[in-house]
Structures are given as structure tokens and as C-alpha cells.
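Asks: Got a sequence here, can you build the structure:
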Amino acid sequence: MDEALRRRYNERKQAIKKARRRRAIIRLVIRAAVVLLAIIILISVIVSSCGKKEVSDADLPQSEVEYTSSVEQQPEPTLPKVAADMETPSDVNSRFVAILSLEKNEIIASKSMHERIYPASLTKIMTLLVAFENNPDLDKTFTVTNAIIDPLYREEATLAGFLDGEAVTIRDLLYGTVLPSGAEAAESVAIATSGSIKDFLKLMNKKAKDMGLKNTHFANVTGLHDKQNYSTAYDMAAILSEALKHPLCREIMETYQYTTAPTDKHPSGVPLTSTIFSYMYGTEPEGSDILGGKTGYTDQAGYCIAAFGKADDGSEYICITAKGDSRWPAVYDQINLFSMYAK
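Replies: Take a look at the predicted model:
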């Protein structure tokens with residue numbers, strides 16, 4: 001090989017080596033850039049995650065639907081205080097009592113108010129509150145079905161009177177839930193709100209947690225007996241107080257008689273009558289007026305009443321009584337307690 005050929009061969013060999021080194025350097029730079037980008041993305045994800053509030057699975061409906069409130073943002077609930085001079089009422093048949101001054105947000109009299117009770121249909125006060133807060137359109141309709149009605153009928157639950165295939169507005173389901181204590185109305189409005197009773201119960205229990213209630217848990221929306229459906233007289237006073245902040249919830253619980261909108265199943269509507277006023281009218285306590293509320297009964301819960309009323313000076317009170325032996329002693333407990341404390 002002559003000198004010129006050897007020189008060209010060596011030059012080409014050096015060029016190939018330089019090209020290989022350049023490619024190796026480029027590959028190294030690309031790999032370093034990819035690693036750096038991955039690190040930047042990882043840091044960004046970590047920072048973003050740290051800024052988010054943690055929410056447990058129990059706080060979310062299974063379908064993870066975002067519910068739009070039908071009401072303006074309310075102030076954070078404040079649990080009732082206990083008066084320094086709180087009294088224990090005597091000569092009361094009911095085993096559990098809580099008297100709440102709404103003006104002071106203060107428990108002024110009680111009897112075993114922090115002991116767990118079965119609230120029976122007082123449960124429907126929370127059903128009313130949660131359904132109202134999570135339904136932006138109260139005129140939306142929901143079709144009641146035998147799949148809802150029949151199991152409740154077999155359990156001998158109280159029914160409002162809606163029929164299979166009847167399209168009922170959310171508003172009328174709320175009235176049906178409270179006035180006659182209709183179990184099919186309560187379950188229907190729960191499904192209409194959340195898609196299932198299970199998901200609606202998550203909202204009820206989240207509401208109880210958000211309110212700071214430590215001795216309340218809901219296992220159904222009707223109050224039919226379940227060992228996991230419990231509350232206290234104190235907690236029920238707080239729940240009723242929260243519901244009364246909403247004018248429509250108050251209006252429903254103050255209504256004696258109401259007729260639902262006409263449907264193809266009930267062309268004249270369904271007449272509904274309040275159970276609490278069926279007991280209370282004509283027996284109002286002297287010096288105060290019972291404005292409304294909710295009754296409840298199961299064998300295990302006894303007779304329960306959650307009522308609110310107004311004294312002559314305009315101040316309002318809530319009276320919760322639970323585990324009464326029978327209907328009329330429970331009613332007279334309410335009358336006597338309002339007479340003693342709502343003044």
C-alpha cells in the first residue's frame with residue numbers, strides 16, 4: 001500500500017471513530033434529557049398531590065357523582081352548647097330527652113341525651129335535609145316502582161300512597177317522606193338523588209360527620225330497625241336545628257295537610273297529613289306553640305318525637321323525646337316539656 005492510500009485509509013478510519021464518538025455523545029445527552037424530564041414530572045406530581053385534601057372512599061358516592069346543592073352555601077354547623085345550669089326534667093315518661101334553645105344554640109334541659117337511641121322515623125329528618133341540599137331541581141320527577149314499594153309493604157312500613165309507575169316530583173317526595181312518614185317516598189327520593197340508597201347513605205353519614213356528630217350512624221333512610229341505624233337525643237336536636245335553617249325544610253315540617261301534584265295514577269294528587277299534628281292539634285301547651293316536627297316508632301325505639309315550637313316571646317325551642325312507652329305519654333311529655341322550658 002503506497003503512502004497516499006495509507007493516509008486516506010487512516011483519515012477515513014479516524015473519521016469513522018469521530019462519528020461513532022459523536023453518536024455516542026448524542027445518545028448519552030438524549031438519555032440524560034429523558035431522565036431529567038422524568039425527574040421533573042415526578043417532582044411536579046408529588047407537589048400537586050401534597051396540595052390536595054385527602055378524601056376517604058367512605059366520603060364519596062360509589063359512582064363518584066358530583067352533587068350540586070339546591071341551596072346557597074350555609075355557614076359551618078355549630079354544635080349546640082350545654083348550659084351551665086342545664087336541668088334534668090322530672091316526671092317524664094320518655095327515657096331520653098334534649099331541649100335546645102335555638103336562640104342560644106344551647107341545651108337547657110336533658111335526660112341521658114348522649115346515650116345511643118334507635119331514632120326510628122326521626123331518621124327521615126336527615127333524609128329530608130340531605131335530599132334537599134343535593135337536589136338543584138325540586139320539580140324533577142322520579143318514577144316510583146314496585147321494586148321499592150313491595151319490600152316496604154312486606155315489612156309493614158308506613159307508606160305515603162304512591163303507586164308503581166307514578167312519576168312524582170322531588171318536592172312531593174319530600175312532603176311524602178315527612179308528613180305521613182312514607183317509607184317509599186324516602187327511598188325514592190334517595191335513589192332520585194344519588195342513584196342508589198347505598199350512595200345516598202354515604203351522603204347522610206358524611207353530613208353527620210361534617211356536623212361533628214360522633215354518636216350517629218345511618219344504615220337506612222327510613223328508620224326501620226337496624227342496629228347500625230342509631231343516634232342520640234342530642235344529635236337529633238342538632239340535626240333538626242340544621243334542617244330548620246332551610247325555609248323549605250321548615251315549611252314541610254310545619255305543614256299539617258298537603259296534596260301532591262296530579263299524576264296519571266292520582267289525577268287529584270295524593271292527600272298527605274302530618275303525623276305529629278294528628279297528635280298535637282287541640283293539645284297545645286299553654287304559653288307556647290308547637291310549630292312542627294316528626295314522629296317515629298318501632299318496637300325497639302319506642303315512641304320518638306322531634307318537635308320545634310315557639311314561646312310567647314318569639315324564641316324557638318327544639319324538644320327531642322325518645323323511647324316513650326306508648327303514644328300518648330310521649331305526646332304529653334312534649335306538651336309538658338314545652339310548657340316548662342319554652343317560655
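
Asks: Show me how far stretch 260-272 is from its chain's centre.
Replies: Centre-to-centre, stretch 260-272 and its host chain are 28 Å apart (CA atoms, centre = their mean, to the nearest Å).

Asks: Start and end of that stretch, how far apart?
Replies: 8 Å (CA to CA, to the nearest Å).

Asks: Tell me where the stretch 51-200 of the chain is predicted with low confidence.
Replies: Scanning the stretch 51-200 of the chain for pLDDT under 70 picks out 51-76.

Asks: can you give me the helices for it?
Replies: Along the stretch 51-200 of the chain, counting by DSSP state H, counting those that start in this stretch, helices occupy 123-133, 146-154, 170-178, 183-194, 197-211.

Asks: Make TSV out of the ones you listed and add mean neighbour count and distance to Val82.
Replies: Bear in mind the C-beta positions are built from the backbone N, C-alpha and C, glycine included. Shown next, in TSV, are the helices of the stretch 51-200 of the chain (neighbours: other CB atoms under 10 Å; distance: least, CB to CB, whole Å):
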stretch	mean neighbour count	distance to Val82
helix 123-133	26	21
helix 146-154	14	38
helix 170-178	26	28
helix 183-194	28	31
helix 197-211	19	16
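
Asks: Can you add distance to Ile41 and give the ones you listed back as CSV?
Replies: Below are the helices of the stretch 51-200 of the chain laid out as CSV (distance: least, CB to CB, whole Å):
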stretch, distance to Ile41
helix 123-133, 39
helix 146-154, 49
helix 170-178, 45
helix 183-194, 37
helix 197-211, 34
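
Asks: Met340 in helix, strand or coil?
Replies: Following DSSP: H, G, I helix; E, B strand; the rest coil, Met340 is assigned to helix.

Asks: So what's the residue count around it?
Replies: 19 (other CB atoms under 10 Å).

Asks: Also Tyr256?
Replies: 14.

Asks: ok, back up a step: quick one: closest of the helices of the stretch 51-200 of the chain to Ile40.
Replies: helix 197-211 (37.0 Å; CB to CB).

Asks: Off-centre distance for the closest one?
Replies: 4 Å.

Asks: Show the contacting residues for the nearest residue to Leu173 once chain neighbours are set aside.
Replies: The shortest distance from Leu173 to any residue other than its chain neighbours is 4.0 Å, reached at Val189 (CB to CB, 6 or more residues apart in numbering). Applying CB atoms under 8 Å, 6 or more residues apart in numbering to Val189 gives the contacts Thr127, Ala131, Asn135, Phe142, Ile170, Leu173, Leu174, Thr177.

Asks: Tell me which two in those are the farthest apart.
Replies: The farthest-apart pair in these, when distances are taken by CB to CB, is Thr127 and Phe142, at 14.1 Å.

Asks: Check what pLDDT Leu5 gets.
Replies: At Leu5, the predicted lDDT confidence score is 48.

Asks: where do the strands sit along the stretch 51-200 of the chain?
Replies: Ranges of strands within the stretch 51-200 of the chain are 81-87, 96-101, 106-111, 141-144, 166-169, based on DSSP state E, counting those that start in this stretch.

Asks: about what we covered before: okay, the residue nearest to Leu173 and Ala307: tell me how far apart.
Replies: 23 Å (CB to CB, to the nearest Å).

Asks: and the end-to-end length of stretch 124-143?
Replies: 20 Å.

Asks: ok, now stretch 100-114?
Replies: Termini of stretch 100-114 sit 14 Å apart (CA to CA).

Asks: Any idea how far that stretch is from the middle of the chain?
Replies: For stretch 100-114, the distance to the chain centre is 22 Å (CA atoms, centre = their mean).

Asks: contact partners of stretch 104-118?
Replies: Residues contacting stretch 104-118 (CB under 8 Å, 6+ apart): 78, 80-83, 86-89, 92, 94-101, 215, 225, 229-234, 236-237, 241, 298, 300-301, 304, 320, 322-323, 337, 340-341.

Asks: which stretches of the stretch 201-343 of the chain have low pLDDT?
Replies: Ranges of the stretch 201-343 of the chain meeting pLDDT under 70: 281-288.

Asks: quick one: the helices in it?
Replies: Assigned by DSSP H, counting those that start in this stretch, the stretch 201-343 of the chain shows helices spanning 233-243, 247-254, 275-280, 327-341.
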